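Visitor: sequence-free structure coming up:
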């Protein structure tokens, strides 16, 4: 029997308030295949998946499940067919146990009494089947994000899902957890479950999925077996043009003076004895697994988190930094890892968000602010309807540029960037890389923490690797390969790495 | 804060005002006594204490906080003012002293919140609500202190060019608060803290100092309410302002302020206080029993917020469309 389509979406169209989100999208998912779905933000991936999951109803087009056209009116109907959606924002009840979450709404019971032992047993089986190791009695709040995703996938299996849609499941994960998730996806395939896998990490397209579909501007522009779609072609389909300088070339560094020096940074458990220096015009990459202490370290340098010991020197002078205000006064900028919760005031206009850290006189000078904000929007190519548009309405990449603009306007000279391209699409990523280069070219010092090794390798002059809160080693970018960094990040010795 | 001119935006800005105008029109039709200059000034005067407390409460609610102590601080300040005046302190000195006392009590709320890191402003202000009321009773022995000097009573009972002083005070405070919230960087910090406290902190805004200031402002406004009320009643009554904190919260919320913080305006709060005053006054004119008035006011609070929820849903829909259009 030739591979038959489990789900086909044919010429799907959908507009929101007269604005087309989908203008003829196509997708075919076969039985037991892992199908990657890629495209820039706004290409229509989420809308298409919401249609497949019964959340949104299409204006036109057909949803064909196992050769039969179906009308999915509610998520419930999609679920009953066997379609499950693992959302980006996980839909779990954090106070309840993992096991209870897996069977939420369908507790196995006898005569009205919940059978907890059976929940435990079956939950454990499902999680193990996915290659995970989670105690089903643990509350979900105590699990890592990766473990929570396994719980969500296990829940889909408990509902006998035959197609699982995953929307950027690895976006919040670091390398090791990502690998674990990809492993779980592979096991789903073995079970004969199909997976639609939305991702912005193009590398992952080549780490498991069988086929890939590319969307752009609400249309499907390409579908092919993964091995017949080289990366350059994939990017060209996504962006609609050839992207030659994905990682732009760097100008050589001239200034060799020191801008930031940390000495023996130690706190209560997240990091220990961290000393490092960043020169003017230098980009230093900070690599490590999640939980290695990078975010905590950056926040402590910025005064946003208490430390037990450690000195900061800015341009050779010791700086007393106890609060973020102190840091801002010393020209330090922090671009936090979590834009939505730590970076932006979502309901406030773009201009306002940009001015948040700028020199504070008592009265607001609107004309001056407007001019400065417009200038920044132009220089950083921020796509917004105007500086008065609420920042929540911007795409992830443009939001991140607003945060960067804030620190440029504040005149910062030392930039602590924590995962600056998380949740940002390919085109905007390249632009943010250019901004980072621009910072260095202007003589700013950049400390760049990223879980994407590729990014660190291409942007940094030097790479500092952290492991369990300590510095595991330091490598010049030209000598640091992904393997060497991973070796150090997982607790390997420097001697091997520096061979 | 530039805003786009959109239907939800207009509704958000003028919705409470439209409600007030409609209510006035209806009451005017039902009672010939309602739409007279005298009566309308009367309504404004009756709403003035609530409006003053509401302004303080507004600043607190914009930071996503709540101040349950303003009614009790008002009561304590009434007693303090009366005691000072009875001790022979002149009005021009007693009034700033009482305002300072109110600000200090409010600042204590702020410090309890930011230094002791109590989990939610509900807790320190609930504590202060009881402490201040208790102190008012202790200091006064539970009895009203009556017969205050004319220089003091002027602020609650006097008139300037036929306009009651409480109305003058409220208008003045509204202008000051509006300028503070919209034209100063500190005012914008207040919105930033309510919009996203973490982001505000990580942008170098001194969040704790701003919160201390915000609660001090709320306490000072409670004291201002005390000056007006004690002046009007010609007495410092320790049980003055029982339940006033809830009226002030209602004024802010009816006026479009959100408990989630980051939004709320002076205009809205003033309109919210007037809506409550108009309701009470109008229902009085129509001979509705005070018992039923309480029922109606409760329903109006819920209805006003419900309308706001509908408006926000419409706004969110429009925003989603715009976002889709931008792509």
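Guide: Thanks, I have the structure now. Everything quoted here is computed from the prediction, not taken from an experiment.
Visitor: List the contacts of residue B:17.
Guide: By Cβ atoms under 8 Å, 6 or more residues apart in numbering or on different chains, the contact list for residue B:17 reads B:267, B:271. All C-beta spots, glycine's among them, are computed from the backbone N, C-alpha and C.
Visitor: scratch that, residue B:221
Guide: Counting by Cβ under 8 Å, 6+ apart, residue B:221 touches B:52, B:53, B:55, B:56, B:57, B:70, B:102, B:173.
Visitor: Secondary structure element holding the first one?
Guide: Assigned by DSSP states H and E, residue B:52 belongs to helix B:37-62.
Visitor: ok, that helix near chain A or not?
Guide: No: counting by Cβ under 8 Å from any Cβ of the partner chain, no contacts exist between helix B:37-62 and chain A, the nearest distance being 11.9 Å.
Visitor: picking up where we left off before, any idea which of the contacts of residue B:221 has the most stuff around it?
Guide: Neighbour counts for the contacts of residue B:221 peak at residue B:70, which has 36 neighbours (criterion: other Cβ atoms under 10 Å in any protein chain shown).
Visitor: Let's see the pLDDT reported for that one.
Guide: We have a pLDDT of 98 for residue B:70.
Visitor: Mind telling me what element the spatially closest residue to it that is not a sequence neighbour is part of?
Guide: The shortest distance from residue B:70 to any non-neighbouring residue, by Cβ to Cβ, 6 or more residues apart in numbering or on different chains, is to residue B:222 (4.1 Å). According to DSSP H and E, residue B:222 maps onto helix B:207-233.
Visitor: buried stuff in that helix?
Guide: Residues B:207-208, B:210-233 are the ones in helix B:207-233 that count as buried (16 or more other Cβ atoms under 10 Å in any protein chain shown).
Visitor: do stretch A:441-452 as well
Guide: Neighbour count says stretch A:441-452 has A:443, A:444, A:445, A:446, A:447, A:448, A:449, A:450, A:451, A:452 buried, by 16+ other Cβ under 10 Å.
Visitor: tell me how far the ends of it are from each other?
Guide: Stretch A:441-452 has its terminal residues 22 Å apart, counting by Cα to Cα, to the nearest Å.
Visitor: Report the rounded mean pLDDT for that stretch.
Guide: 92.
Visitor: From the rest of the structure, what touches stretch B:299-312?
Guide: Under Cβ under 8 Å, 6+ apart, the answer for stretch B:299-312 is B:8, B:11-12, B:15-16, B:19, B:250, B:253-254, B:256, B:258, B:272, B:275-276, B:279.
Visitor: Closest to chain A out of these?
Guide: Lowest distance from chain A to these (Cβ to the nearest Cβ) belongs to residue B:258, with 9.7 Å.
Visitor: residues in contact with residue 60?
Guide: Answering for chain A, as no chain was given. A:11, A:12, A:13.
Visitor: The chain in question should be chain B.
Guide: Contacts of residue B:60 by Cβ under 8 Å, 6+ apart are B:66, B:67, B:121, B:214, B:215, B:218.
Visitor: tell me, how many neighbours does residue 111 end up with?
Guide: Defaulting to chain A. Neighbour count of residue A:111, defined by other Cβ under 10 Å: 4.
Visitor: right idea, wrong chain: chain B
Guide: 16.
Visitor: Show me where chain B has its strands.
Guide: B:145-146, B:159-160, B:163-164, B:235-236 (DSSP state E).
Visitor: Tell me the strands beside the first one, with direction?
Guide: When sheet partners are counted by DSSP bridges, strand B:145-146 sits next to strand B:235-236 (antiparallel).
Visitor: same question, the third one
Guide: For strand B:163-164, the pairing partners within the sheet under DSSP bridges are strand B:159-160 (antiparallel).
Visitor: and residue 292, what is it in contact with?
Guide: Assuming you mean chain A. A:466, A:467, A:468, A:469, A:489.
Visitor: that answer is for a different chain, and I need it for chain B
Guide: Applying Cβ under 8 Å, 6+ apart, the residues contacting residue B:292 are residue B:283.
Visitor: Where does residue A:417 sit: helix, strand or coil?
Guide: Put simply, residue A:417 is strand when judged by DSSP: H, G, I helix; E, B strand; the rest coil.
Visitor: doesn't residue A:449 make contact with it?
Guide: Yes: using Cβ atoms under 8 Å, residue A:417 makes contact with residue A:449 at a distance of 6.8 Å.
Visitor: for the residue in the stretch 351-499 of chain A positioned nearest to chain B, helix, strand, or coil?
Guide: Residue nearest to chain B within the stretch 351-499 of chain A (Cβ to the nearest Cβ): residue A:388, separated by 3.4 Å. Following three-state DSSP, residue A:388 is assigned to coil.
Visitor: Could you dump the contacts of residue A:292 into TSV and include neighbour count?
Guide: Listed next are these as TSV, based on neighbours: other Cβ atoms under 10 Å in any protein chain shown:
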residue	neighbour count
A:466	24
A:467	20
A:468	16
A:469	22
A:489	22
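Visitor: Take those and keep only those in helices.
Guide: residue A:489 (DSSP state H).
Visitor: Single out the most deeply packed of the strands of chain B.
Guide: Among the strands of chain B, ranked by average contacts under mean count of other Cβ atoms under 10 Å in any protein chain shown, first place goes to strand B:235-236 (a mean of 24).
Visitor: So which residues make contact with it?
Guide: Taking Cβ under 8 Å, 6+ apart as the rule, strand B:235-236 contacts B:78-83, B:140, B:144-148, B:230.
Visitor: Do me a favour and average the pLDDT over that strand.
Guide: Taken as a whole, strand B:235-236 has a mean pLDDT of 94.
Visitor: Go through stretch A:345-361 and flag the buried ones.
Guide: Using 16+ other Cβ under 10 Å as the test for burial, stretch A:345-361 gives A:345-358, A:360.
Visitor: let me fix that: stretch A:300-309
Guide: The neighbour-count check on stretch A:300-309 (16+ other Cβ under 10 Å) flags A:300, A:301, A:302, A:303, A:304, A:307 as buried.
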